[in-house]
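Participant: Sequence unavailable; structure follows:
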């Protein structure tokens, strides 16, 4: 890796890059060429049967809708606007919702388009396991009468594997309930994925606390800035999601049945816990920064105290040496045999006396562990 690339900072997630020119028509679907090409995965299931495959086109995936009780189509990668627009035509999705799906800087929200409910989530992920830097990925979820359509940015891995396993293994009530329960399960999996990530940051803050309290902290302040930036990203992702879940938990949308709505209230409780954890860790990060600055100031004060003591000790010694360094003829001590030993003894006694005074005043050798 070149020196230039080694010191290049990764783009910050809080920066928003819109591809549409100012004043463009609303509902314009423009794909990011840097995004991966869409990979379409289909799960069509009912109480007794399950069909699962990878589709090559939107039409092939749409053909599964209605063949089983519930159809879940997951599109991973947003690098082809044609496929996304085709899904919009097949499912009758609003153009504004498609625009929000392909522009991945959206905050969590809920939009009700009558027969279709549009939900935006932020899924947390860790890109750098060694450095333990985490970010978020946008999940766009469309909920219909007997189908669920999800769009992901295409980062490696997601938090939906447990939902897929429950469908394949007939675990719980997943196969017997409707599409609203599937949407709840996906939302719940997204929210629960915040907990292990926050545990990573809790461990990292414990390590940073030990570094800050160490006599020689190495790059602790840099790591604290990284943690603060990551927690800010998590806060921006989870706070709007709390409002969205509060909307879904209330009886303001008909897409979720009365049977599923209590589970949504449980999701809301989990979000409140995550918000509290994020705020706690942000406060702890700020406290550690203050502790670091206080420790740094204390170490500087300790160094200045030592230097001051040394300087103070040499002030009278310098005075004595200066007096006897004057070249006057009428100075009897200059020609005395014991003049030099007497001057040295005088300096030693003065230094010892000052050290004893400093010690009794508590300025040196006290208050140290």
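Facilitator: Structure's in. What do you need? Worth saying up front: this structure is predicted, and the values here are computed from it rather than measured.
Participant: Low-confidence stretches in the stretch 101-250 of the chain?
Facilitator: For the stretch 101-250 of the chain, applying pLDDT under 70 flags the ranges 127-132, 156-157, 215-218.
Participant: which residues in it form helices?
Facilitator: Secondary structure of the stretch 101-250 of the chain by DSSP state H, counting those that start in this stretch: the helices cover 161-169, 179-192, 194-213, 220-249.
Participant: helices or strands next to the third one in the packing?
Facilitator: If you count contacts as 3 or more C-beta pairs under 8 Å, 6 or more residues apart in numbering; DSSP states H and E, helix 194-213 packs onto strand 116-128, strand 133-143, helix 220-249, helix 261-323. C-beta: built from backbone N, CA, C; applies to glycine.
Participant: if I look at residue 93, how far off is residue 150?
Facilitator: Counting by C-beta to C-beta, to the nearest Å, the separation of residue 93 from residue 150 is 12 Å.
Participant: so what sits against both of the two?
Facilitator: Jointly contacting residue 93 and residue 150 under the rule C-beta atoms under 8 Å, 6 or more residues apart in numbering are residue 142.
Participant: and the most centrally placed residue in the chain, what does it touch?
Facilitator: For the chain, residue 230 is the residue whose C-alpha lies nearest the centre (C-alpha atoms, centre = their mean; 2.7 Å). Residues near residue 230 by C-beta under 8 Å, 6+ apart: 133, 134, 135, 201.
Participant: burial count for residue 85?
Facilitator: Using other C-beta atoms under 10 Å, the number of residues around residue 85 comes to 17.
Participant: tell me which element it is part of?
Facilitator: Using DSSP states H and E, residue 85 sits in helix 81-91.
Participant: For that helix, buried residues please.
Facilitator: Buried positions in helix 81-91, judged by neighbour count with 16 or more other C-beta atoms under 10 Å: 81, 83, 84, 85, 86, 87, 88, 90, 91.
Participant: from the residues you listed, which is closest to residue 39?
Facilitator: Nearest to residue 39 out of those is residue 83 (C-beta to C-beta; 10.2 Å).
Participant: Next up, the contacts around that closest one.
Facilitator: Residue 83 touches 38, 40, 57, 58, 75, counting by C-beta under 8 Å, 6+ apart.
Participant: ok, now how distant is the first one from residue 70?
Facilitator: Taken as C-beta to C-beta, the spacing of residue 38 relative to residue 70 amounts to 21 Å.
Participant: try residue 161
Facilitator: Using C-beta to C-beta, which is the criterion applied here, residue 161 is 18 Å from residue 70.
Participant: now do residue 240
Facilitator: In terms of C-beta to C-beta, residue 240 sits 28 Å off from residue 70.
Participant: now residue 323
Facilitator: Distance, residue 323 to residue 70, by C-beta to C-beta: 100 Å.
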